[in-house]
Structures are given as structure tokens and as C-alpha cells.
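Engineer: sequence? don't have it. structure:
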């Protein structure tokens, strides 16, 4: 309930800033006044304001309060995260992970519980989208921990990011030109090149793809890693995200949002996703458990915009999900029991000590 209160307050204040109720340079009401006005605790107000500050909407000034920034010209979210800022966190290269001190005993306890509770259900063929129990668990987790509203029917389970990239292409169509960050994680290039897509390499600036490259190039699909892009370490600013979304409104365009690294964002909670900001039904969100749990965990998921659900049902709906049913049930229980979030919080505390 506390998480919901601070997320509701965060969303309300953000909308007030974007709608001009609070103008650039204006001071927000004091924490005490915001708490009284919204019927919440001061701690809840602090959490909401910390998240707004992390995303570049407000600036805290010691002993004076919170002041609205120039959102349209805001620099990188999370305190200028690109290039040696807090977001870099000295993280390893993508898909090259340290010992995360994973609590194997908790996982094996979950395995035993799943086998005991489900028996014959573990030997039933998985639907194309993945088992309902896992999609429901992910839907609840995404709202609770990430503030992402995703219906279970929009969530697709797959065996890792590369397969989900391929699924995206099958749904959007192979005859497209795809814009990718330059530089980017090489495996992204390999997958799209193997599927014979034309690549359009878009130069990265300080807070994301340069505006000239975004608006001056011909491509139909944009693949971006808004948080901690590899190898630059750049995190896309709030204003740059709006540029991406504005681009997507022009014609039959899509954005593939690769969010592989954001669960370990340190200051408060993972930052807002393009999928959550999208109003044109154009963003495909992709994430995996390779970083958050283990590189051996070949399970990922994508959230499809509503306008691609019919395409999935028509093109891929008769296929079986590639992730074993038992693995799906185990992960679902691990998430639903709260063990996954406790693991994330433990790892975030560990990373914070190391940075």
C-alpha cells in the first residue's frame, strides 16, 4: 500500500509539472504541506520527490525545497547519468556478470514447493504467450515494483532477449529498416543482420540519440536501451524520451525498448520506461532475468502494445512457448512470494556500497 501511495503521488506531481500547473523555477509546496494535502506521510512525499528529481523534473535545494526544472531541456535523468555519473555504478559489461551472491537455498526451496503444489500441471504444454501463472506474476510485479501497467494478455514469455528481438521482427515485418544506437551492444546488430534487416546507425549524444540523427534518417523501427546503454553508459533524459515517442507518432512506427539493466538502479526505484510514457500504442518493452538473476536463466519477457496482439495471435499463436513449463512455474512462485524483490533490494544495497 505504501508503494502505491508514493507512486500515485509521483504520477500526480509529474502530470502537474507536465501540464504547467507548476512552472519552471517554481517551488513545490513543502514536504509537510504535500503530506497533509495528499493524506500521506512525509516519507512517502520524500520518496515521490526523490523519484521526480532522479528523472529531472525537479531539483532539490538544501534548506529551500524542491524547484521545477526546465523539463524540455532537462539533462540526463537520475542526476546526469551518462558518462561516469551515478548510473554507471561500475557495472560489468552487458551479459558479463559477477557473482551476485544469489541465495540458492531460497531458489531450491521454491523449486520444491512448486513440484509439491503443482505435480501434473508441470507436464502440460505451454501456451504460445507463456503460462498464465507467470504472466500474472509479472503483471503484478511490474505494477508493484516498476509502476508499469501491463495486462497479462500483453505479456509474452521467451527464452532470452535475442529470441524476443526476433519475435518483434516477425510481428512488425521483415521488410523494415531498423534504427539502432551507434555504438550499441553488438549482439543487437548480429540478430537483426541475421534476419536480413537493413540497419540505420544513429549517433549517440550526451543523453541519447542525437536529434538530427533521429529526425534526419529514414527508418521504421527504433531499438533503444534508454537505461545505461552499452558501451556508452548513457541514460536517456526525460526530454529525449519524449523525442523518441514523438518520432513514433509519425506513421506506422514502433520502438523496441530494451530495458535489461534497470532493476539495479540505485537511488530509489527503477526509472520510468518508454512503455509507461507511450500514448500512441507503439512501444514494445523487452526485459530478461539474465542480469537480475543469472546469465543461465534463459527467460525473458516482452510487453506488446495492443495493436500487435492480433498479429501475435495470428502469426505465432499456434506455437508453444520455448521456455519449459517447470521453469515458468518456479519463476512465477519466486516472484509472487516476494523473493525476487528481496533479492533485487539486497543486490541494490550491495552495489550502493561498492559505488
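Structural biologist: That came through fine. Being a predicted model, the structure only gives us computed values, none of them experimental.
Engineer: sec struct for residue 284, please.
Structural biologist: Of the three states, residue 284 takes strand according to DSSP: H, G, I helix; E, B strand; the rest coil.
Engineer: element containing the residue lying closest to it once chain neighbours are set aside?
Structural biologist: In space, and not counting its chain neighbours, residue 284 is closest to residue 256: 4.9 Å by Cβ to Cβ, 6 or more residues apart in numbering. C-beta here means a position set from N, CA and C on the backbone, and glycine is covered the same way. Secondary structure from DSSP states H and E places residue 256 in strand 254-258.
Engineer: and after the helix or strand bottoming out on mean pLDDT in the chain, which helix or strand comes next?
Structural biologist: In the chain, the helix or strand scored least confidently by mean pLDDT, DSSP states H and E is helix 77-80, which has a mean of 36. Counting by DSSP H and E, the next helix or strand C-terminal to helix 77-80 is helix 104-118.
Engineer: contacting residues for the residue nearest the centre of the chain?
Structural biologist: By Cα atoms, centre = their mean, the mean C-alpha position of the chain lies nearest to residue 259, the distance being 4.3 Å. Residue 259 is in contact with 225-227, 273, 285-287, counting by Cβ atoms under 8 Å, 6 or more residues apart in numbering.
Engineer: pick out the lowest-pLDDT one from those residues.
Structural biologist: Here the lowest pLDDT out of those sits on residue 227, with 84.
Engineer: got phi/psi on residue 67?
Structural biologist: Here the main-chain torsion angles of residue 67 (degrees, to the nearest 10) amount to phi -120, psi 140.
Engineer: ok, now which ones touch it?
Structural biologist: 25-28, 58-61.
Engineer: quick check: PyMOL command selecting the buried ones in these.
Structural biologist: Provided next is the PyMOL selection string for whichever of these are buried by 16 or more other Cβ atoms under 10 Å:
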select buried, resi 28+58
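Engineer: out of the contacts of residue 67, which are inside strands?
Structural biologist: Those of these mapping onto strands are 58-61, per DSSP state E.
Engineer: hmm, which two among these are most spread apart?
Structural biologist: The span of the ones in strands among the contacts of residue 67, defined through Cβ to Cβ, is set by 58 and 61 at 9.8 Å.
Engineer: quick one: the strands in this structure, in order.
Structural biologist: 58-61, 65-68, 155-158, 177-182, 198-203, 221-224, 254-258, 283-288, 300-303.
Engineer: what does the fifth one contact?
Structural biologist: Put plainly, it is strand 198-203. Contacts for strand 198-203 (Cβ under 8 Å, 6+ apart): 176-182, 189, 192-193, 209-210, 213-214, 217-219, 222.
Engineer: surely residue 154 is in contact with residue 301?
Structural biologist: No: if you go by Cβ atoms under 8 Å, residue 154 and residue 301 don't touch, sitting 10.2 Å apart.
Engineer: that older thread, show me what the strand holding residue 256 is packed against.
Structural biologist: helix 161-172, strand 221-224, helix 238-248, helix 274-277, strand 283-288 (3 or more Cβ pairs under 8 Å, 6 or more residues apart in numbering; DSSP states H and E).
Engineer: now distance to residue 9 and mean neighbour count too, for these, in TSV please.
Structural biologist: Below are the helices and strands packed on strand 254-258 laid out as TSV (distance: least, Cβ to Cβ, whole Å; neighbours: other Cβ atoms under 10 Å):
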stretch	distance to residue 9	mean neighbour count
helix 161-172	33	20
strand 221-224	28	25
helix 238-248	18	20
helix 274-277	16	20
strand 283-288	24	25
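Engineer: count residues in the vicinity of residue 207, would you?
Structural biologist: Using other Cβ atoms under 10 Å, residue 207 is surrounded by 24 other residues.
Engineer: now it. Nearest residue, chain neighbours left out?
Structural biologist: residue 237 (4.0 Å).
Engineer: residue 273 versus the one you found, what's the distance?
Structural biologist: Between residue 237 and residue 273 the computed distance is 14 Å (Cβ to Cβ, to the nearest Å).
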